[in-house]
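1. Make a model of this:
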Amino acid sequence: MSDKLGITITGASGRMGQMLVTLVSADDRVRLVGAIERAGHEWVGQDIGTAMGGAALGVIVTDDPDEGLAPAQAVIDFTAPEATIEFANLAARNKMVHVIGTTGMSADQITKLAPAARDAVIIRAGNMSLGVNLLTQLTKRVAAALDDDFDIEIIEAHHNQKVDAPSGTALMLGEAAAEGRGVALDDVSDRGRDGITGARKRGDIGFTAIRGGDIVGEHDVLFAATGERIILRHVASDRSVFARGAIKAAIWGQGRSPGQYDMLDVLGLQD
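-> The predicted model follows:
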């Protein structure tokens, strides 16, 4: 039996799923022990390596979550909100680490993770990269230092296949800005402008979503006042940064007490 951390990947055929399979297989700290796909997917029953067009990896894609999770100590999950809630319940049953990179989760769906966190280590973040989490902290501090004379706008860009907007990262940055100002994001969020909208409301935090081509992820936090602007920016040119962060989170979670954590905990960036 290997002493390496066993990791199962959900949504193994997706963009992030395949990146995770590749990086977990190449990382000498961990080992790939499971790959899960939805029922009826053409990859089910195939070796994940050959399904991806490469060498066999000795892991057969399954549509049975219990089977896929059985040999693992951690599961990395970039799927869809409802699926993530089910995986959280299974992770709790198996008392394992559940790393969640799923975006587009509503407040109600996030609340449904709480019971699972009594038995599982849940690490959830809108973005797993080191750079973005540093940007989050910077956003909070700059927002706290500037008053409402500075309008805050969050501009994000992603590929044309992304299904949710604003992105999870944009919302994470919005939450950081709101926290820095001591307000609730829901009270100041401005996500839609079309037609005659009137003047911008003082204190609002605005969001703009761009979708096109194969953009991996770009996020700007703009602080704009009369006569000056401050722009904080992060550009991801390769989605491997998210996968590496997720692997780091899975390793960090081993031996932790059950509960809900985020990448600021993993990176030691909490205030």
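
2. where's the nearest residue to residue 177 once chain neighbours are set aside relative to residue 235, distance?
-> Distances taken as Cβ to Cβ, 6 or more residues apart in numbering put residue 143 closest to residue 177, at 4.3 Å, once the chain neighbours are dropped. Yep, even glycine has a C-beta here, placed from its N, CA and C like the rest. From residue 143 over to residue 235 the distance is 21 Å, taken as Cβ to Cβ, to the nearest Å.

3. the more surrounded of the two?
-> Neighbour tally, residue 143 and residue 235, criterion other Cβ atoms under 10 Å: the higher count belongs to residue 143, 24 against 12.

4. Tell me which residues touch that one, please.
-> Applying Cβ atoms under 8 Å, 6 or more residues apart in numbering to residue 143 gives the contacts 152, 176, 177, 178, 179, 180, 181, 223.

5. Most widely separated two among those?
-> Based on Cβ to Cβ, the longest span within those runs between 179 and 223 and measures 15.1 Å.

6. These two: who's more crowded?
-> Each of residue 179 and residue 223 had its neighbours counted (other Cβ under 10 Å), and the higher figure belongs to residue 223 (20 against 17).

7. Let's verify that one: helix, strand, or coil?
-> strand (DSSP: H, G, I helix; E, B strand; the rest coil).

8. that older thread, among the contacts of residue 143, which one is most surrounded by other residues?
-> Counting by other Cβ under 10 Å, top hit in those: residue 152 with 27 neighbours.

9. what sits opposite that residue in the beta ladder?
-> residue 205, residue 223 (DSSP bridges).

10. List the residues that contact it.
-> Residue 152 neighbours (Cβ under 8 Å, 6+ apart): 143, 177, 204, 205, 206, 221, 222, 223.

11. 7 Å instead, please
-> For residue 152, the contacting residues are 143, 177, 205, 223, by Cβ atoms under 7 Å, 6 or more residues apart in numbering.

12. What of residue 224?
-> Residues in contact with residue 224, defined by Cβ under 7 Å, 6+ apart, are 150, 151, 153.

13. all helices for the stretch 101-250 of the chain, in order.
-> Counting by DSSP state H, counting those that start in this stretch, the stretch 101-250 of the chain has helices at residues 107-111, 130-145, 168-181, 185-188, 240-252.

14. would a markdown table of those with distance to residue 82 be doable?
-> Below are those laid out as a markdown table (distance: least, Cβ to Cβ, whole Å):
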| stretch | distance to residue 82 |
| --- | --- |
| helix 107-111 | 8 |
| helix 130-145 | 25 |
| helix 168-181 | 16 |
| helix 185-188 | 22 |
| helix 240-252 | 20 |
